[in-house]
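**Q** next come a sequence and a model predicted from it.
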Amino acid sequence: MGWLLALDGATEHLALALVAPDGRVHAQELAGGAQASAKLLPSLKAWMAAQRVQASQLAALVLGRGPGAFTGLRAVAAVAQGLAWGWNLRVIPVDSLLLPVEAGAPPQAQRCAAIVDARMGEVYAAQYERVADGGWRCVHEPALWAPARLRECWQGTDAPQHWLGNAHAMLGLPEPSALPPGARAAALGRIGWTAWREGQGGDPAAALPCYVRDKVALTTAERAALAAAGA
């Protein structure tokens, strides 16, 4: 069994992970956003060289497919496809929203929600349930929500035990403790390792972003209407 290379650009930080054949995760985070496309390939090559991992040792590539920042998602997906085809690797797409859950969920937590600021007054959200082997099963697929509507729908028997991510203030929830540096990247590596052991992975054509939202900015009229509604 070879190494896994994992990439995610859904937030303002690029998450990179190399997973050894025995499951050990080497994680790194870099500046993302507008810098993602310029920095990713050179940084990736330098990091692999520093870890003494060659392309021939890789078995698969793990892609954080989103949802999240459009620029980062596009840049990482393009790089992932190119590398996977060039190096003849299988691709394992995973939800980027699962990263804060894997990184921050308490050990006893069974059902957690990921909530991430999607800008324009909305949040990306999904719910996951822990399974017997310690991994996660998605019970509410990643979607775009108005914060008030999300709180209204996810209550009672559908309420998660924990809300994880960076959109707590938008939902009127207490802010959680900040994740340590590199936690998202390490979580990406662990998620990829679990998926690989389960036999997941397919053609590089599957390395496609999951945008959820097909619109990146509000019109002037929409911004005015939103401001009036909040007045």
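**A** That came through, no problem.

**Q** burial count for Tyr128?
**A** Counted with other CB atoms under 10 Å, the neighbours of Tyr128 add up to 25. Where C-beta positions appear, they are placed from N, C-alpha and C, glycine not excepted.

**Q** quick one: Gln127 is in a strand?
**A** Yes: counting by DSSP: H, G, I helix; E, B strand; the rest coil, Gln127 is found in a strand.

**Q** my guess is it contacts Pro142, does it?
**A** No: taking contacts as CB atoms under 8 Å, Gln127 lies outside contact range of Pro142: 9.6 Å.

**Q** what touches both of the two?
**A** Common neighbours of Gln127 and Pro142, using CB atoms under 8 Å, 6 or more residues apart in numbering, are Ala114.

**Q** tell me how this structure divides into domains.
**A** For the chain, automatic domain parsing gives the domain ranges 3-96+180-206, 98-171.

**Q** which elements pack onto the helix ranked longest in the chain?
**A** Ranked by number of residues, the top helix in the chain under DSSP state H is helix 70-87. Helix 70-87 is packed against strand 3-8, helix 36-50, strand 58-64, strand 90-94, with contacts defined by 3 or more CB pairs under 8 Å, 6 or more residues apart in numbering; DSSP states H and E.

**Q** which SSE is immediately downstream of the shortest one?
**A** Downstream of strand 90-94, the first helix or strand assigned by DSSP states H and E is helix 98-104.

**Q** and the residue nearest in space to the middle of the chain, what does it touch?
**A** Centroid-nearest residue in the chain: Ser96, 1.7 Å away (criterion: CA atoms, centre = their mean). If a contact means CB under 8 Å, 6+ apart, then Ser96 has 8, 10-11, 64-68, 210 as its contacts.

**Q** who wins for neighbours among these?
**A** Gly64 (34 neighbours).

**Q** for the nearest residue to Pro93 once chain neighbours are set aside, give me its contacts.
**A** Nearest residue to Pro93, sequence neighbours excluded (CB to CB, 6 or more residues apart in numbering): Arg65, at 4.4 Å. With contacts defined as CB under 8 Å, 6+ apart, the neighbours of Arg65 are 73, 77, 93-96, 207-210.

**Q** one more pass at 7 Å, please.
**A** Each residue near Arg65 by CB atoms under 7 Å, 6 or more residues apart in numbering is listed here: 93-96, 208-210.

**Q** and what of Arg197?
**A** Contacts of Arg197 (CB under 7 Å, 6+ apart): none.

**Q** how much space between it and Ile92?
**A** Using CB to CB, to the nearest Å, Arg197 is found at 11 Å from Ile92.
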